[in-house]
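Trainee: Kindly generate the corresponding structure for this input.
(chains A and B)
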Amino acid sequence: MPVTAILILAAGTFAIRFAGPLLRDRVTLPDRVRELLSASATVLLFALVAISALTSGKQFGGFALAIGVVVGGLAAWRKLPFVAVIVLAALTTAGLRFAGIA
Amino acid sequence: MRSIWRTLDAVLLRDVAAVALGAAVTGASFGAISVSSGLPWWVPVLMSVAIFAGGSQFMAVGIVAAGGSPAAAVLAGLVLNARHLPFGLAIGDVLGKSPLARVVGSHLLIDESTAFAMAQKDPARARAAYWACGVALFISWNTGVLVGALAGQAIGDPMTFGLDAAFPAALLALTLPALKDAATRNAALVGAVIALATTPFLPAGVPVLLALAGLFVFRTKKEEPCPSPRS
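Mentor: Predicted coordinates for the structure are as follows:
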C-alpha cells in the first residue's frame, strides 16, 4: 500500500464528504427535496444494514451473523436500551458460532 | 462547542461509547490484519487517520494483499465511500456554519455519526449527537488501529466475539425511528432488496448506492405537515 495511494484515497474520500455540506449551503432546497434527501440517508443506512447483516463478500454471510442482527433488531423494536441491542446481537452471533453454527 | 456538550445527556453518551468500543476492537483487527499482510505498522495508522472509513480501508488492504494494484484499491475504496455524498447532502446542516466546523465535521462524516444525527428529534440534539459520535469514533478507531498494528497477531478475530453483528445491529437501532414513517420504510425495504439482489454481481459499494432506486416508491402526502422523521 504505497503512501501516494493512501493519500489519494484520503483526499478523494474527503472531497466526497465535503461536497455534501458544501452543495447544501449553495442552494436553498425546497421542502420536498429535503424530505427526499432525509429519506435517501435512511434508505442508504438500511441497505447497509441489510448487506452487512446478510452478506460477506459476495456470498451469504451465514446464519449466526443474520440471526444475531435479527435479535438485535427485535431488541431495538422492543425499546431495549441501545447498549443492550449491541451486546445481544454480538453475544447471539458469538454464541451461535461457538455452538458450531456458521 | 460548549452548547454541544450541554445538550448531550448521559444516555446519548453511553450509546456513543458503546459504538466507540466496538469500533476500537474492529480497528484493532484492521491494524493486526494489515501488519500480518506485510505492511509496516504505520501504514494502517496513517490510513485510519487520513481516510477514516473502515470499510474502504479493509478493502484497500485486502486488494493489495491479494496482489491487486494500488490504483484498483483506491478506485474500489472511492466507490465504497461514494455514499457519503448523499449523507452529507442529507445532514450537512448539523455540522455547523464556520469553515473549521465544515472541514473537521466533513472528515467525521461516517455511517455511525450520520445515523446518530438522523435518530435525534431536534436539530440541537442532532448536532450534539453527530459531533459526539464523530469525535469519539475518531479517537477510538485510531487508538484501536494503533494497538492492533503494534500487537499484531495477538489480537483475536473480531468475528469470534460476534462484532460483525454489532455494527448492523447498531445502525438498525438508530434507523428504526425514521422507519416508522411508512413512505420512508417502503423506500428502504425496496432499496434493501435491490442492494441484496445485486451484491453477488457488482463491486462492493455499488449495491448500496443502487438502493437509492427505492426512492422511486417514496411518496408523501402533500397535506401531511411533517412526513419526514427529522422535521
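Trainee: Could you list the low-confidence segments of chain A?
Mentor: For chain A, no stretch is flagged by pLDDT under 70.
Trainee: Now do the strands in it.
Mentor: Ranges of strands within chain A are A:55-56, A:59-60, based on DSSP state E.
Trainee: Quick check: which of those is buried the most?
Mentor: For these, the largest average neighbour count (mean count of other C-beta atoms under 10 Å in any protein chain shown) is found in strand A:55-56, namely a mean of 16. Where C-beta positions appear, they are placed from N, C-alpha and C, glycine not excepted.
Trainee: Out of the strands of chain A, which gets nearest to chain B?
Mentor: Chain B sits nearest to strand A:55-56 of all the strands of chain A, at 5.2 Å, using C-beta to the nearest C-beta.
Trainee: before we move on, the earlier item: include distance to B:Leu12 when you put the strands of chain A into CSV, please.
Mentor: What follows is these, written out as CSV (distance: least, C-beta to C-beta, whole Å):
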stretch, distance to B:Leu12
strand A:55-56, 31
strand A:59-60, 35
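Trainee: Need the nearest residue in space to the residue in chain A that chain B sits nearest to, chain neighbours excluded.
Mentor: Taking C-beta to the nearest C-beta as the measure, chain A has A:Gly20 as its residue closest to chain B, at 1.7 Å. Of all residues not flanking A:Gly20 in the chain, B:Gly88 sits nearest, at 1.7 Å (C-beta to C-beta, 6 or more residues apart in numbering or on different chains).
Trainee: check contacts around that neighbour.
Mentor: A:Ile16, A:Arg17, A:Phe18, A:Ala19, A:Gly20, A:Pro21, A:Leu23, A:Arg24, B:Ser106, B:Leu109 (C-beta atoms under 8 Å, 6 or more residues apart in numbering or on different chains).
Trainee: out of the residues you listed, who has the most neighbours?
Mentor: If you count neighbours using other C-beta atoms under 10 Å in any protein chain shown, the busiest of the contacts of B:Gly88 is B:Leu109, which has 29 neighbours.
Trainee: next one: phi and psi at it?
Mentor: Dihedral angles of B:Leu109 (phi, psi; degrees, to the nearest 10) stand at phi -80, psi 100.
Trainee: close enough to count as contact, it and A:Arg17?
Mentor: Yes. With contact defined as C-beta atoms under 8 Å, B:Leu109 reaches A:Arg17; the gap is 4.4 Å.
Trainee: so what sits against both of those two?
Mentor: The contact lists of B:Leu109 and A:Arg17 share B:His84, B:Gly88, where a contact means C-beta under 8 Å, 6+ apart.
Trainee: Among the contacts of B:Gly88, which are located in helices?
Mentor: Mapping these onto helices (DSSP state H) picks out A:Ile16, A:Arg17, A:Phe18, A:Ala19, A:Gly20, A:Pro21, A:Leu23, A:Arg24, B:Ser106.
Trainee: Quickly note the distance from the first one to B:Ser48.
Mentor: Right, the one you point to is A:Ile16. Separation of A:Ile16 from B:Ser48 (C-beta to C-beta, to the nearest Å): 17 Å.
Trainee: try the second one
Mentor: Using C-beta to C-beta, we find A:Arg17 at a distance of 15 Å from B:Ser48.
Trainee: what does stretch B:143-155 contact?
Mentor: Counting by C-beta under 8 Å, 6+ apart, B:23-36, B:41-42, B:44-45, B:47-48 sit against stretch B:143-155.
Trainee: ok, now with 6 Å
Mentor: With C-beta atoms under 6 Å, 6 or more residues apart in numbering or on different chains as the test, stretch B:143-155 has contacts from B:24, B:27-32, B:35-36, B:41, B:44-45, B:48.
Trainee: From these, pick the one nearest chain A.
Mentor: Among the contacts of stretch B:143-155, and counting by C-beta to the nearest C-beta, the member closest to chain A is B:Pro44, at 8.6 Å.
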